[in-house]
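Undergrad: Below: sequence and its predicted model.
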Amino acid sequence: MTEKLIDHRPPAQTALVIHPNRSQASDLRAPEARLEEAMGLAIALDLEIRGGEIAPLRAATPATLFGKGKVVEIGEQVAELGVDVVVVDDALTPVQQRNLEKAWQVKVIDRTGLILEIFARRARTREGRLQVELARLAYERSRLVRTWTHLERQRGGFGVMGGPGETQIETDRRLLAGKIGRLKKELEEVRRTRGLQRSARKRAPFPTIALVGYTNAGKSTLFNRLTDAKVMAKDMLFATLDPTLRTLKLPDGRPAMLSDTVGFISDLPHELIEAFRATLEEVASADVVLHVRDIANPDTAAQAADVMEVLAQIGVEPEGPRPIVEVWNKIDLLDEHDLGAAKARALRGERDGVGPVPVSAVTGEGVERLLSILAGLIDQGGAVEADLPPGQGRALAWLYRHGRIVDRLDEEDGRVRLSVRLDPKALGQFEQMFPDALLKHAAE
């Protein structure tokens, strides 16, 4: 007789997702798309969605966000569906969250709390966990309103007749402040280590390229395509949280460092931007930034605006010193008409030969052109001529690995003459490592 396997996992919590529609004229995204994204976030947290609703919101009510009638209506829906959690796709004040939980008799989580919980579950590295924990504690500190039932003063002092001590809420605030202080010190050490690693990479003659984009835009799939890596790539919001670095081979064999970063999202909690600043510094220090867009998504323009807003907060501007190249991903999901229109728009958007690059990270279409554009962008060094006598095989191999060979002439006596582009760091290293090799600046 075959024994049945018993699943001991707790059943998934059920949820109702509410998107408060503020009907702002400046909002580029339709409320239906915002509700769909909020439901995707809830699914990423392993919640079972029982229902989703767009709730019109002309003016926010300080006590409950929604008006009295809407609170009652949603409460009836909660009871009818029998859900465990209500997800409100907006930022709730602590008072609003408390009052809604009282009114609906279920757990209420706002957009910030939802994203923080996803990050807490997905972070794998020590740095990622520290950053998420710091963001979560900063969020919780703002929740410490007088919602406690144990606010009596604790006895303080010595002896039986000790005077009144601090309240419980003051104790909790003090404990949280202590935890936050310790985490900040640990993160500062992580940031210092990352800074040293970044300095070491700058000393090496490798240019750096950073992938950024809206969550689920296909960054990790493109990262795997470019580097032959096996980073988890999944059709899910925030599938990747911890930054990953791999070597990328450019045309002519020159290497570069490619980093995959956490996905951005609209209304990204301020606590997370602050906590992940150490990670985002990888983007700010990159030689080239690749902005990966899901061009098949109807909200691609709104998502791109959200990404650029976050980049601006860390000092990466379109007109700044580093190039930002838009990569229009997922063209394999477009029909023939839309694909032709997208390619035409990309051509119109070109400036100085560089513009949006339509690609499919799944099929590989357009990737070779992207690599060629990257090679040109980071090919900032001047051309030099190398005259290598016979026996300089190591120097020749080094130039192929770290430079871009423009021209090569092999003499009958075994001498090799090269015209090669090297950035100043690589040129300095070559002269130190191979002082016998003859180099001179080529005529431009």
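TA: Structure's in. What do you need? Residues are numbered from 1 along each chain as shown.
Undergrad: Please identify the buried residues of stretch 334-347?
TA: For stretch 334-347, burial by neighbour count (16 or more other C-beta atoms under 10 Å) applies to 334, 339, 342-343, 346. The C-beta positions use only the backbone N, C-alpha and C, and glycine is treated the same way.
Undergrad: how about the strands in the stretch 1-150 of the chain?
TA: Secondary structure of the stretch 1-150 of the chain by DSSP state E, counting those that start in this stretch: the strands cover 14-21, 48-56, 85-88, 107-110.
Undergrad: In TSV, list these along with mean pLDDT.
TA: Formatted as TSV, these follow (pLDDT from 0 to 100):
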stretch	mean pLDDT
strand 14-21	95
strand 48-56	94
strand 85-88	96
strand 107-110	94
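Undergrad: that older thread, going by distance to residue 283, which of the buried residues of stretch 334-347 wins?
TA: residue 346 (23.0 Å; C-beta to C-beta).
Undergrad: thinking again about what came up before, inside strands: which ones of the buried residues of stretch 334-347?
TA: Judged by DSSP state E, strands contain none of the buried residues of stretch 334-347.
Undergrad: show me where the stretch 251-400 of the chain has strands.
TA: 255-260, 288-294, 324-329, 357-358, 383-388.
Undergrad: mind putting these in a markdown table, mean neighbour count and mean pLDDT included?
TA: Converted to a markdown table, those look like this (neighbours: other C-beta atoms under 10 Å; pLDDT from 0 to 100):
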| stretch | mean neighbour count | mean pLDDT |
| --- | --- | --- |
| strand 255-260 | 21 | 84 |
| strand 288-294 | 23 | 94 |
| strand 324-329 | 23 | 94 |
| strand 357-358 | 22 | 94 |
| strand 383-388 | 19 | 80 |
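Undergrad: Compare those and give me the one nearest residue 97.
TA: The nearest among the strands of the stretch 251-400 of the chain, by C-beta to C-beta, is strand 288-294 at 31.8 Å.
Undergrad: Report the helix or strand with the lowest average pLDDT across this structure.
TA: None of the helices or strands of the chain scores lower by mean pLDDT, DSSP states H and E than strand 153-155, at a mean of 41.
Undergrad: Determine the three-state secondary structure at the closest residue to residue 286 other than its chain neighbours.
TA: Using C-beta to C-beta, 6 or more residues apart in numbering and skipping the chain neighbours, the partner closest in space to residue 286 is residue 210 (3.8 Å). Secondary structure, DSSP: H, G, I helix; E, B strand; the rest coil: residue 210 is strand.
Undergrad: circling back to that earlier point, closest one to residue 12 among the strands of the stretch 251-400 of the chain?
TA: That would be strand 288-294 among these, by C-beta to C-beta, at 27.1 Å.
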